[in-house]
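# need a structure here:
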Amino acid sequence: MFKRLKRLYRSRGHGIHSPFAYHFVTGVAGERAAFYAYRELDSLPGDRRQHHVARLLHRVAVFFTPPVIGVTGELPALYRRSLELSDSRCRVIPLAYCETPPRLIIVADDTTVDALPELPRERQSLIFLNRVVTPRDSMSFTDGKMSIIVRDTRLPAQHFEINL
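The predicted structure follows:
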């Protein structure tokens, strides 16, 4: 019960002092405004949780605007389409076929953080769809079911439990 209240409190930006984390929590994860892709995403098959995750993936992809999104494992069609709608120039491809480490990686299988490529100085984001991962050297956001990790040398290593 206490964790739920704490996540709700943090989800509104309370107690978050990092400017990047505050903007990410309030402007990306907690965004309530309708995006242009929501109408098409809502017409695709999937349950309520899948549509919620698809909307979150779309907002994260719009926020980071990566030219390539690397995927490990099998990504549901709804999630893939939400990523493709983020930018017409964005390519969603398997991580094994990426020539350089992508700035956004979606982990849909049991791949570990250590097995993923890392960019040395440039911001890189990882989204673990089915589990909670909290590395010690990155900023992470989790809701107890999935995790979003942002690797950047300019950001402090912090962990936030929020409602994603």
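# show me where pLDDT drops low in the chain?
1, 118-122 (pLDDT under 70).
# what are the ranges of the helices in it?
Under the criterion DSSP state H, the chain contains helices at 2-11, 19-24, 38-43, 48-64, 77-84.
# so for residue 161, which of those helices sits nearest?
Shortest distance between residue 161 and the helices of the chain, using CB to CB, is found for helix 2-11: 5.0 Å. Using the backbone N, CA and C atoms, a C-beta is placed for each residue, glycine as well.
# quick one: buried residues of that closest one?
7, 10-11 (16 or more other CB atoms under 10 Å).
# tell me the one of those nearest residue 160?
residue 10 (5.8 Å).
# surely that closest one and residue 159 touch.
No. Using CB atoms under 8 Å, residue 10 is not in contact with residue 159; the gap is 10.6 Å.
# quick revisit: can I get the helices of the chain in TSV including distance to residue 152?
Formatted as TSV, the helices of the chain follow (distance: least, CB to CB, whole Å):
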stretch	distance to residue 152
helix 2-11	20
helix 19-24	8
helix 38-43	28
helix 48-64	11
helix 77-84	21
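# out of these, which comes closest to residue 140?
Nearest to residue 140 among the helices of the chain is helix 19-24 (9.9 Å), distances taken as CB to CB.
# what ranges do the strands span in the protein?
68-72, 91-94, 104-107, 124-128, 139-142, 147-151, 159-161 (DSSP state E).
# want to throw the ones you listed into TSV with mean neighbour count and distance to residue 48?
Listed next are the strands of the chain as TSV, based on neighbours: other CB atoms under 10 Å; distance: least, CB to CB, whole Å:
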stretch	mean neighbour count	distance to residue 48
strand 68-72	23	23
strand 91-94	15	23
strand 104-107	25	20
strand 124-128	24	19
strand 139-142	22	20
strand 147-151	22	20
strand 159-161	19	22
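# tabulate those strands (a markdown table), appending distance to residue 32.
Formatted as a markdown table, the strands of the chain follow (distance: least, CB to CB, whole Å):
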| stretch | distance to residue 32 |
| --- | --- |
| strand 68-72 | 24 |
| strand 91-94 | 26 |
| strand 104-107 | 23 |
| strand 124-128 | 20 |
| strand 139-142 | 17 |
| strand 147-151 | 18 |
| strand 159-161 | 19 |
